[in-house]
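Colleague: what's the 3D shape of this:
(2 chains)
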Amino acid sequence: GNSVTQTEGPVTLSEEAFLTINCTYTATGYPSLFWYVQYPGEGLQLLLKATKADDKGSNKGFEATYRKETTSFHLEKGSVQVSDSAVYFCALSDQGAGSYQLTFGKGTKLSVIP
Amino acid sequence: GAVVSQHPSWVICKSGTSVKIECRSLDFQATTMFWYRQFPKQSLMLMATSNEGSKATYEQGVEKDKFLINHASLTLSTLTVTSAHPEDSSFYICSAIGQRYNEQFFGPGTRLTVL
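Modeller: Numbering: from 1, shown residues only, chains lettered A, B, ... in the order given. The predicted structure follows:
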């Protein structure tokens, strides 16, 4: 079956530090890949996505590249802010471009300190 | 963007009682709604998928008679936990997809504690 493994948190960084949250997956087909973010007290929000190999998703300074050869979709940001503190979930869907039937990683809690 | 709400945001109940959780799409019609369960430091686990006007499709291992799902309208789905036990204590999250969108929009979740 499908599975997603991501960096086990919590991750604590100083403001303006570089962020990497690793995500690797196993899937039977050619999945679409997603990063979701959950701010305190709120629901999950789609941060970025990529639907095929070598695609790069980007949003709000975050980016991730779909690497089929390493089955990875690592999330990066060059300079984090306190407002980036949240829980980040990597997910995949094997339904093509849609996000039907998502499989999630366990989530990585990020805390950014001033 | 599309907004999904859940009510209540938290609930405490006694063992043996039933609890109903509502999931509403506030500004769009949701053709499909999903219910997830999340344990501390665990993934979101899909429990069931519901389409408006039809029976929910449950994932393997989820007791359909215990977790009753109703999707009676295009803006409302309900999850009823029947005869609740302490092991049902968890964080329940819903999401919805509408015809205008190709992504799931998530509710803020409901924390259920069964004493």
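Colleague: Could you pull up the residues touching the residue of chain B found nearest chain A?
Modeller: Nearest residue of chain B to chain A: B:Phe106, at 3.9 Å (C-beta to the nearest C-beta). (Glycine included, C-beta is placed from N, CA and C.) With contact set as C-beta atoms under 8 Å, 6 or more residues apart in numbering or on different chains, B:Phe106 has these partners: A:36, A:43-45, B:4, B:93-95.
Colleague: As a check, name the ranges of all helices in chain A.
Modeller: For chain A, applying DSSP state H gives no helices.
Colleague: pLDDT below threshold where in it?
Modeller: Filtered on pLDDT under 70, chain A yields the residue ranges A:95-99.
Colleague: residues contacting the residue most central in space within it?
Modeller: Centroid-nearest residue in chain A, with C-alpha atoms, centre = their mean: A:Trp35, separated by 3.2 Å. Applying C-beta under 8 Å, 6+ apart to A:Trp35 gives the contacts A:23, A:46-49, A:57, A:62, A:64, A:73, A:75, A:88-91.
Colleague: Keep only those that also lie close to chain B.
Modeller: With the criterion set as C-beta under 8 Å from any C-beta of the partner chain, the members of the contacts of A:Trp35 near chain B are A:46, A:49, A:89.
Colleague: Next step: the residues you listed restricted to strands.
Modeller: A:46, A:49, A:89 (DSSP state E).
Colleague: Compute the number of surrounding residues for the last one.
Modeller: Put plainly, it is A:Phe89. Using other C-beta atoms under 10 Å in any protein chain shown, A:Phe89 is surrounded by 25 other residues.
Colleague: Name whatever forms a beta bridge with the closest residue to it other than its chain neighbours.
Modeller: Of all residues not flanking A:Phe89 in the chain, A:Tyr36 sits nearest, at 4.4 Å (C-beta to C-beta, 6 or more residues apart in numbering or on different chains). Applying DSSP bridges to A:Tyr36 gives these bridge partners: A:Leu46, A:Phe89.
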